[in-house]
Each structure stands twice: as structure tokens, then as C-alpha cells.
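Engineer: Only the shape, not the letters, is given here:
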């Protein structure tokens, strides 16, 4: 039985292929991985978050992007598409302005197929970004948000939110997110 050998794709080759592709791919250590579609709840949550942040950034040099803004995580090989990402005075890898290099807040809406990766390897890689101050994991199946904040000494502190009255604060971006806004129009099943 023969095993097909995987071909290493350089970061530059990835960018060339990705910019010509009709579907999005993440890149990790020389391999490209196709991104799948998302559920209604996932889309509502991501859109609610991006809309709330953009309203707060309206008169500031900060921006919020949804799932189509690529983020370069490190030189060794991770390009990813967070569900929502923010940057103040955004900087890009090149003149295509499609690969952000200075994210301040990264938000991932969890799905069953990506939750382990979002909590594990991806978060480990994200922590290498010197500009990243907040990493947020948002459940689409129940009202539950986890906010990891970088401390001045480099430690990451977790705070959990699970009621509509709660508000996340992003001190370095001078903005907030209310759970009532995050989960607007989202309906949960009766399953726990």
C-alpha cells in the first residue's frame, strides 16, 4: 500500500494560490486546509460582534474584520482566518492589504469541528503574536464566552461570561461587548 507524499507549500506559494482561489484555506506548516461553511448561529454571532465593534471604532483608527481577513501568525507557517479580528492602526504583510500582521483582539466562534484546534494549537500559536491582547472563544450552542487577556507580565488570565447582563471589556482597544449584543437573534436548542 502506498501513501501519497504531501508536498510542502511555502508561505509565498500559499499566498499566491490563496489569492487566486474561490474558497478560503488556512495554512499551517506547509499545508493548506480548506475552510468549511458555518451555521446560522455562527454567522449571527460573528456578525453581531463585528457590527458592535465597528460602531465603537467609527471615529477611531481601529477596525474590525470578519472571516475573510487573513492573519499572519508567524514566519514559520500559520495563516488563519479568525471569525472576527480587530486592529488599531492596522498593518499588513504587503501591498495587497489582505493579510493583517498586528491583530489586537481575535475572536473565534466555536464549532464542534474546530473547538479543539481553537482552544489548543491555534491559541498556542496566537499567543506568539506580540500585539494580541485578547483571545475570545464564543459558543454558538449556548450562552457562554471565554475571554483570555494578556497581562503585562505575559500571563493569560481567563474570565468566563454566561448571562445577558455581562459585558466583556477590551481595555487596550477601549471597547466592550455585551452578551446581549453578541447573542441577538440567536436561538438555542433545548439540549444542554
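Structural biologist: That came through fine. In this text the structure is predicted, and so the values were computed from the model without any measurement.
Engineer: tell me the pLDDT at the residue lying closest to residue 74 once chain neighbours are set aside?
Structural biologist: By the measure of Cβ to Cβ, 6 or more residues apart in numbering, the closest residue to residue 74 outside its immediate chain neighbours is residue 128, 5.4 Å from it. Using the backbone N, CA and C atoms, a C-beta is placed for each residue, glycine as well. pLDDT recorded at residue 128 is 93.
Engineer: Over to residue 29?
Structural biologist: Taking residue 29 on its own, its pLDDT is 89.
Engineer: And for residue 4?
Structural biologist: So residue 4 comes in at 59 (pLDDT).
Engineer: mean confidence score for stretch 58-74?
Structural biologist: Rounded mean pLDDT across stretch 58-74 is 94.
Engineer: if we can go back for a sec, the residue nearest to residue 74: what secondary structure?
Structural biologist: coil (DSSP: H, G, I helix; E, B strand; the rest coil).
Engineer: measure residue 8 to residue 189 for me?
Structural biologist: Per Cβ to Cβ, to the nearest Å, residue 8 is found 43 Å from residue 189.
Engineer: Actually, residue 77.
Structural biologist: Residue 77 is 38 Å from residue 189, by Cβ to Cβ.
Engineer: Please spell out which residues along stretch 123-143 are buried.
Structural biologist: Under the neighbour-count criterion of 16 or more other Cβ atoms under 10 Å, stretch 123-143 has 123, 125-126, 129, 132-141, 143 buried.
Engineer: Among the residues you listed, name the ones in strands.
Structural biologist: Among the buried residues of stretch 123-143, the members falling in strands (DSSP state E) are 134-139.
Engineer: isn't residue 183 right up against residue 48?
Structural biologist: Yes - contact criterion Cβ atoms under 8 Å: residue 183 and residue 48 qualify, at 7.3 Å.
Engineer: quick one, strands of this protein?
Structural biologist: Ranges of strands within the chain are 25-28, 31-34, 62-66, 70-74, 78-80, 84-88, 99-100, 105-110, 134-139, 145-150, 156-161, 167-170, 175-178, based on DSSP E.
Engineer: Count the neighbours of residue 121 for me.
Structural biologist: Other residues near residue 121 come to 12 when the count uses other Cβ atoms under 10 Å.
Engineer: and it, how far is that from residue 61?
Structural biologist: The value you get for residue 121 to residue 61, if Cβ to Cβ is used, is 32 Å.
Engineer: Quick one: residues contacting residue 109.
Structural biologist: 38, 42, 45-46, 83, 138, 140 (Cβ atoms under 8 Å, 6 or more residues apart in numbering).
Engineer: from those residues, which two are the most distant?
Structural biologist: 38 and 138 (12.2 Å; Cβ to Cβ).
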